[in-house]
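1. Following is a predicted model, sequence given first.
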Amino acid sequence: MAISLRNLSVDYSLPQGTAHALRGVSLDIEKGELLGLVGESGSGKSTVAFALMGLLANNAKVTSGTATIDGKSFDLTKRNATAALRGRGMAMIFQDPMMSLNPVFTIGTQLCEVLRRRSPGSDRKARVGMAEDALDKVKLSNPRRRMNQYPHELSGGMRQRVVIAMALLSEPALLIADEPTTALDVTVEAQIMREIIGLRDRIGCAVLLITHSLGLVTEYCDRLSVLYAGERLESGTVRQVQRQPGHPYTRMLFDCEVPIDRERQADASENRFTVISGDLPDPRRRPPGCIFNGRCDVSFDDCAVINPGDYPVGNEAEHRARCLRLATP
C-alpha cells in the first residue's frame, strides 16, 4: 500500500464560525494505482491534498487524521508533519502550474534544484543532463532551449509538463494531481493525462487525481472515491461504481454528465442537461442524519435522523457507499 489515509477531519476558523471542511475521510491507494477523488466545488477535495502535503492555510486545523506513506506513519494533527516528504515521498501538480514554479528562476535552475535536494553533492553537469532528459520524456520540445527559459515564456500546457518533469525527477511514492487540466483545452488535456500515466508507469508511484470531471475519472482511473460536503459517500473501482452507483449522489453526478454524440441537437440541449437541485449544506452546521438528505430524490424518514455507516454495494466487498437503503435487506 503506497498510501493509507485514515479519519481525516479539517476545520477552518472563519469570522462567522468554524467551518468543518472534512469529516472522517479515509482513502487507500495502492502502488501504481490511479485513484480519482471526485465531487462538486466546495466538497473538500483540495483540502485533502493540502492536508497531506502540509500546505493548509493558517486558519485551518487538522482535528484528526493519520497517513501512512511508503511505510511511514504520520500524525496529520501536527502541523507540517509531512513536510520532509515534499518533493521526495510526495509531489503535487497544482491546477495552476505557476503555483509550483518560481517566476524569477529559469526552468533549468528549478529542475536542477529538485535533483540537488534529492541527491545533495551530486555533479552539476549530471543534474543538467538529467533535467533535460526529464523534459524530453514529458514530450517538451527542444529541452535545452526550455532549460534557459522562464515560466512566463511557456504556455499553460508546457508549464504543466515542466511540473510533471519535476515530479519525475523527485520519484515520489505519491503524486497528487489537483485539477491538472482545468485551464487547458481538450487536446492538451489528453496529452497531460497521458504524461501523468506515463510518469506513473515509469516510477511506479500511486496517483491521486482530484477532479470534478467524471469523464477524466472513467477514462484514466482505476478506482474512485466520491466526496460530498467533506464526507466520503462512495468508493470502489471505476467499473463497479459506473455500473452500479451505490449512493444517490453518485448516480446523480453521472446523470449530470452530458454525452456528446451525433444525435445531440442544439435546439434540444435544455432537455439533455440534468442538475442536482439545492445547495451544499452550511459547513458550520452539519445537519443530523445523512449529509445528502436535503438534496436526495429517494430519501425516507430515517435519512433525516440517522447518519449512515459504510455499507457494501451488492456482492462487491470493496465497493462501499454511505446510504441507509443499502442497510435494508
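-> Looks like it arrived, so ask away. Numbers count the residues shown, from 1 in each chain.
2. shaky segments in the protein?
-> Within the chain, the ranges that satisfy pLDDT under 70 run 1, 258-273, 329.
3. one more time with 80
-> Under the criterion of pLDDT under 80, the regions of the chain flagged as low confidence span 1-2, 84, 87-88, 118-121, 182-184, 257-274, 328-329.
4. and the residue nearest to the spatial centre of it, what are its bridge partners?
-> For the chain, I210 is the residue whose C-alpha lies nearest the centre (CA atoms, centre = their mean; 2.1 Å). Note on I210: beta-bridge partners by DSSP bridges are L37, D178.
5. what comes up buried for the helix of greatest length in the chain?
-> The longest helix of the chain (DSSP state H) is helix 186-203. Along helix 186-203, these residues count as buried under the neighbour rule (16 or more other CB atoms under 10 Å): V188, E189, Q191, I192, M193, E195, I196, L199, R200, I203. The way it works is simple: take the backbone N, C-alpha and C, and place the C-beta from them, glycine included.
6. Identify the residues contacting I3.
-> By CB atoms under 8 Å, 6 or more residues apart in numbering, the contact set of I3 is L27, D28, I29, A67, T68, I69, D70, A173, L174, A206, L208.
7. Who wins on neighbours among the residues you listed?
-> Most neighbours among the contacts of I3, by other CB atoms under 10 Å: L208, with 27 neighbours.
8. Am I right that that residue is in a strand?
-> Yes - for L208, which was evaluated using DSSP: H, G, I helix; E, B strand; the rest coil, the result is membership in a strand.
9. Return the distance of the closest residue in space to it that isn't next to it in sequence relative to L8.
-> Taking CB to CB, 6 or more residues apart in numbering as the measure, L208 lies nearest to I176, with 4.8 Å between them; neighbours along the chain are not counted. From I176 over to L8 the distance is 14 Å, taken as CB to CB, to the nearest Å.
10. do the same with D178
-> Counting by CB to CB, the gap from D178 to L8 is 16 Å.
11. Of the two, which one has the most company?
-> More neighbours surround L8 than the other of D178 and L8, with 27 against 22 (other CB under 10 Å).
12. secondary structure class for that one?
-> Judged by three-state DSSP, the three-state class of L8 is strand.
13. so the closest residue to it other than its chain neighbours is in which element?
-> For L8, the nearest residue in space outside its immediate sequence neighbours is G65; the separation is 3.6 Å by CB to CB, 6+ apart. Take DSSP states H and E as the rule and G65 turns out to sit in strand 60-69.
14. Centre of the chain to that strand, how far?
-> For strand 60-69, the gap between its own C-alpha mean and the chain's C-alpha mean amounts to 16 Å (CA atoms, centre = their mean, to the nearest Å).
15. which element follows that strand toward the C-terminus?
-> Tracing the chain past strand 60-69, the next element assigned as helix or strand by DSSP H and E is strand 72-75.
16. May I have the following helix or strand past that next one exported as CSV, CA atoms only?
-> The element immediately downstream of strand 72-75 (helix or strand, assigned by DSSP H and E) is strand 90-93. Once side chains and other backbone atoms are set aside, the C-alpha atoms of strand 90-93 remain, and they are given as CSV (Å, rounded to 0.1, in the frame of the first residue of the first chain):
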residue,chain,number,x,y,z
MET,A,90,5.2,13.2,-2.2
ALA,A,91,4.8,15.6,-5.1
MET,A,92,1.9,17.7,-6.3
ILE,A,93,0.7,19.1,-9.6
